[in-house]
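Undergrad: below are the sequence and a predicted model for it; my questions follow.
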Amino acid sequence: MDSRATGQEGNTSAGEAGKAVGLEYIKLRCQGPRTRQSSTVFLVQELFKQWTFDLASGVEGAAGLIIALAALQATWRALGVFFVRPEAPNEAKENVRLQLARWLAVALEFELAADILRTAIAPSWDEIGKLAAIAALRTLLNYFLQQEIELQAQRQRGTRTIAPPALDGS
């Protein structure tokens, strides 16, 4: 009877694949300690790459969590400013916006850290270009955010020094 008719062909090819894997193992064993050492180094490198990639994913997840929490906090504070205290000065609205911007800057730092980790394990020109663009964007955002924070601090100091002293009842 033909092996194709009995369906044993699948077993034969599986057996051949097993033999091929066994032959590769034997070749590896016969090539000597230098080759085994280089394959061990290769495995350690691959393991390190995988751990670094997983760490980068975790850092990126932390950035996403920071953004989500910051958006919730900003939404809650904005609702308080607009509905609970609609007559609140513009400074209160500015504080909500600047607090959100600070958290977004922190999240952007986390994103940059994740990109640095990914670039460290697979430095292609595309990845390096992305990293440079993100670093430039982060630097610009932080610069303008810092300018706004300093401007707001100057306004607050100016408001406090210009405000008339409280009158006492005597």
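TA: On my side now, so go ahead. Quick caveat, the model's predicted, so the values are computed rather than measured.
Undergrad: Glu91: neighbour count?
TA: A total of 11 residues lie near Glu91 under the criterion other Cβ atoms under 10 Å. No exception for glycine: its C-beta is placed from N, CA and C like everyone else's.
Undergrad: ah, wrong one, I meant Leu108
TA: 19.
Undergrad: contact partners for it?
TA: Ala63, Ile134, Leu137, Arg138, Leu141 (Cβ atoms under 8 Å, 6 or more residues apart in numbering).
Undergrad: for Ala132, see how far away it is.
TA: For Leu108, the distance to Ala132 (Cβ to Cβ, to the nearest Å) stands at 15 Å.
Undergrad: closest one of the contacts of Leu108 to Asn95?
TA: Among the contacts of Leu108, Leu141 lies closest to Asn95 (Cβ to Cβ), at 18.4 Å.
Undergrad: helix or strand: which one has the closest one?
TA: With secondary structure defined by DSSP states H and E, Leu141 is part of helix 125-162.
Undergrad: what comes up buried for that helix?
TA: For helix 125-162, the neighbour count (16 or more other Cβ atoms under 10 Å) marks Leu131, Ile134, Arg138, Leu145 as buried.
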